[in-house]
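J.: all I have is the shape, not the residue letters:
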């Protein structure tokens with residue numbers, strides 16, 4: 001859930017900023033809207049790329065990793081399944097101590 005909030009917390013404001021600047025450029029400098037839209041579209045897609053990198057960075061910093069293979073157990077996984085089984089979905093090694 002935190003990663004979803006982080007993704008949209010970064011991507012949506014950047015996307016809104018790109019569209020605001022595109023609208024401002026098309027009205028203030030009298031550029032054709034089609035040209036401004038074609039220039040702004042890759043920038044808008046870039047907002048989602050930045051959001052994706054942000055969530056990966058947060059997972060590396062705050063996520064839980066398998067002690068054997070080092071794969072993430074929190075990002076793009078179902079943590080409740082991992083807690084229920086107690087095993088890594090990649091290497092199938094036990095991730096909890098039996099103590």
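T.: Nice, thanks for sending it over. Since the structure is predicted, the reported quantities are computational estimates derived from the model, not experimental observations. Residues are numbered from 1 along each chain as shown.
J.: any idea which element the nearest residue to residue 21 once chain neighbours are set aside lies in?
T.: Distances taken as Cβ to Cβ, 6 or more residues apart in numbering place residue 40 nearest to residue 21, at 7.5 Å, with adjacent residues excluded. C-beta here means a position set from N, CA and C on the backbone, and glycine is covered the same way. Per DSSP states H and E, residue 40 falls inside helix 33-62.
J.: how far does the next helix-or-strand element following that helix sit from the chain's center?
T.: Downstream of helix 33-62, the next assigned helix or strand under DSSP H and E is helix 79-85. In terms of Cα atoms, centre = their mean, to the nearest Å, the centre of helix 79-85 is set 22 Å apart from its chain centre.
J.: so for helix 79-85, mean pLDDT?
T.: The average pLDDT for helix 79-85 rounds to 81.
J.: same thing with stretch 18-29?
T.: 86.
J.: neighbours of residue 81, how many?
T.: Using other Cβ atoms under 10 Å, residue 81 has 10 neighbouring residues.
J.: I'd say the residue nearest to residue 21 and residue 19 touch.
T.: Yes: Residue 40 is in contact with residue 19 according to Cβ atoms under 8 Å; the separation is 6.9 Å.
J.: between these two, tell me which one has more neighbours.
T.: residue 40 (19 against 15).
J.: can you pull the domain assignment for the chain?
T.: 2-62, 64-99 (automatic domain parsing).
J.: re earlier: got the buried residues for the helix holding residue 40?
T.: 36, 40, 44, 47, 48, 51, 54, 55, 56, 58, 59 (16 or more other Cβ atoms under 10 Å).
J.: what do you get for stretch 22-30?
T.: 22, 25, 26.
J.: distance of residue 13 from residue 26?
T.: 20 Å (Cβ to Cβ, to the nearest Å).
J.: excluding chain neighbours, what is closest to the residue most central in space within the chain?
T.: For the chain, the residue sitting closest to the mean C-alpha position, by Cα atoms, centre = their mean, is residue 52 at 2.8 Å. Nearest residue to residue 52, sequence neighbours excluded (Cβ to Cβ, 6+ apart): residue 7, at 6.8 Å.
J.: nice, that's everything, thank you.
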